[in-house]
Every structure is written in C-alpha cells, then in structure tokens.
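Asks: fold the following.
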Amino acid sequence: MKRLTVTLTAIGAILAIVTIGPDQIAQAQPAKGAPAAYERVREVMDDRFKDMKLAGDPDKDFAAILLAHHEDVIFLARTQLEHGADEQLRQMAQKILDEHQKQISELKEWQVRNRSADYRAKADQPPHGSGPLDQKGTPAPQVQAAAPAQAAAQPAATNLPTVSGTVEKVDVGAGKITLDHGAIPNLNMDAMTMVFRVQDPALLQGVKAGDKVKFQADRVNGQISVVKIDTGRGQPAPARAAAQPAAAANLPTVSGTVEKVDTAQGKITLDHGPIPNLNMDAMTMVFRAQDPSVLKGVKAGDRVQFQADRVNGQISVVTIRKGR
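Replies: Numbering: from 1, shown residues only. This next block holds a predicted model:
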C-alpha cells in the first residue's frame, strides 16, 4: 500500500508538470508532440479500466487489476522520459520503470502458473470466500452482475434540445470539437467551454473555429458526444464513410497472445509486444476491432500476429491472424 501511495504521488507530480506547462516550471521544456503523447496515455488508461471485466475470483481479479495498473504507470513513465526535461521527474520516471517492471514479471509468472491444470494454492491458504468480509454476520459488498452485451443505444436526435454555441477548436483526426456553449438540459450541464467527442466524425466536415453553431449532444456509449451540428450555412454535413487507418501494408506487424475475445462488443484483449506506429510499449490491453468479423475463429490462448492503428480516434486492431 505504501508503494502504491508513493507511485500515485509520482504520477500526480508528473501530470502536474504537464498541466501547468513549460512556462511555469523551471527547465521543463516539453518536446514537440508531447500533448499528443500524453493524450494517448490518458486514452489507454481510460479504455483499459473501463473495458476490464472481473473474473469473480479474488486472486485473479487482484492480479489483473494490479498488472493493468503497473503497465499503465510504466507507459506514463516512458512518455515522461521521451518528452520531459525536468531532471527530478526523469529520475522519478526511471525509478518507476525499474520497480514496476519487476512486479509485472512476477504477476505474469503467477498468471501462467494459475492457468496450469495442476495449480494449487498453498496448503494453509484459506479457500476463496473465507476472507474477513465473507465471514458470517459481516455483509459482503454486493457485485452486480454484468448486463448481457447488447447493441449500444443511439440517442433520438428529434427528442434532444438544440443548443447554441461557438466553435473554439476542431480536431477531425481525433473526432473531437471544443465548444463554448449554452446550457444542455438533457445532460444537466451548465453553460461552459468543453471538449466533446462526435458520434460520427463526418459531422465535423466543413466546421471550423469561430463558427456559430446549433448542436445536439447526448451520452453515447458512456461518453458525452455531439450527435448533430449545424453551422447555419445550409444542411448539416452529410455522413460519409468512417476514416480508415493507414494502409495495412504500411503498418508494423506485432506478435501477441489472446487473453480474451468479446465478439459481441467487437473487442479483444491482447498481451502484445511494442507497437511502433502508436508509440506503445509491450503490455496487456483491450483493443477494439475495426471490423468485428476479424475476430471470427480467434480464441483465448491463441498466439497471433496483428496490426493496430488509430481509427476514428480509437486504438483498434485492423488485421489479425493466428501464428507467430
């Protein structure tokens, strides 16, 4: 617990430097591209824990969550070493790398042993369900069973209020728009300036900073998103085909082992090597599949070769095949 507290303190210090900026921290001169790199770190952290499913076994869940935590912290530390200039924080990042990599190795070794048919816990270890909170008379925390996977509900634009706003920034590549907007009643949101994701990046076609717009927003797949926008120069931009990643022939092929496949959600969990085009280190991560059909025939335990890229602002697997 002490180690985890120190680690979280270190993370807070690193993020504070990024947030405050180079003009206010002596000697900190972030390299070009640092904002995008830290945005990538935040996205990976958000997606990993949001998509993580618990096994219901306290040992397996502890190992999986702790492993994800260590890998995320290492990803953050490597990003600081690549872009940060402050010597104290660079030393802190290097210390994080050294300490967390050792624990990652130990956790992965345990996961391998745990999968073995002859694996047994220590003879004197109490069985699952006999921990302090499981004892008779002590109410155990209730864990709600996950709802069956189903198609994401789409907001009905006709029932949503139309809000006025001014465009501050448009990031077509990431599928995001920054709006200085009025109150959004259906989201119980006051007037403010906020970065929104767009339900369909095609909506941003022809929209630019300074435009006065009318838009509708709602919660889509758990994220507040713009679902319709009108610049007043005519009809809203027509939907077009989703942006495709770079040609697969130009993407590096990466080796990995399948940890889990969720065909219904179009997601796959891979324990993979470094992905150069995404500046991503070896780790275990949940990916979206650009086309869910590529997951057909793929199962947990398979050794695979795959290619990944950013598609509509999300890191996605674009090709995958069995075999090393």
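Asks: spatially nearest residue to residue 256 (excluding sequence neighbours)?
Replies: The spatial neighbour of residue 256 that comes closest, neighbours along the chain excluded (C-beta to C-beta, 6 or more residues apart in numbering), is residue 272 at 3.4 Å. In this view, the C-beta of every residue, glycine as well, is placed from N, C-alpha and C.
Asks: next one: residue 39
Replies: Nearest residue to residue 39 in three dimensions, chain neighbours excluded: residue 174, at 7.7 Å (C-beta to C-beta, 6+ apart).
Asks: secondary structure class for the one you found?
Replies: Look at residue 174: counting by DSSP: H, G, I helix; E, B strand; the rest coil, its state is coil.
Asks: ok, it to residue 253 distance?
Replies: Here the criterion is C-beta to C-beta, to the nearest Å. By it, residue 174 lies 25 Å from residue 253.
Asks: tell me which of those two has more neighbours.
Replies: residue 174 (18 against 13; other C-beta atoms under 10 Å).
Asks: and the more buried one, what pLDDT?
Replies: pLDDT recorded at residue 174 is 83.
Asks: so residue 60: helix, strand or coil?
Replies: Residue 60 - assigned by three-state DSSP - is helix.
Asks: contact partners for it?
Replies: Neighbouring residues of residue 60 by C-beta atoms under 8 Å, 6 or more residues apart in numbering: 111, 114.
Asks: so how far is residue 165 from it?
Replies: Distance from residue 60 to residue 165, counting by C-beta to C-beta: 46 Å.
Asks: also residue 39?
Replies: Relative to residue 165, and taking C-beta to C-beta, residue 39 is found at 23 Å.
Asks: which of the two has more neighbours?
Replies: Just comparing residue 39 and residue 165: by other C-beta under 10 Å the higher neighbour count belongs to residue 165, 24 against 14.
Asks: bridged to that one, which residues?
Replies: In this entry, residue 165 is beta-bridged to residue 181, residue 213, by DSSP bridges.
Asks: that one and residue 37, how far apart?
Replies: 29 Å.
Asks: cool, and residue 83?
Replies: Taking C-beta to C-beta, one finds residue 83 at 6 Å from residue 37.
Asks: same deal with residue 178?
Replies: Distance from residue 178 to residue 37, by C-beta to C-beta: 20 Å.
Asks: for residue 49, same thing?
Replies: In terms of C-beta to C-beta, residue 49 sits 20 Å off from residue 37.
Asks: neighbour count: the two, which is higher?
Replies: Counted by other C-beta under 10 Å, residue 49 and residue 37 do not tie: residue 37 has more neighbours, with 19 against 13.
Asks: which stretches of the protein form helices?
Replies: Ranges of helices in the chain, per DSSP state H, are 2-20, 34-51, 58-83, 87-115.
Asks: how about the third one: buried residues?
Replies: In this case it means helix 58-83. Neighbour counts over helix 58-83 (16 or more other C-beta atoms under 10 Å) mark 60, 63-64, 67-80, 83 as buried.
Asks: which residues of the protein score low on pLDDT?
Replies: Counting by pLDDT under 70, the low-confidence segments of the chain come to 1-32, 50-51, 117-158, 222, 234-249, 313, 324.
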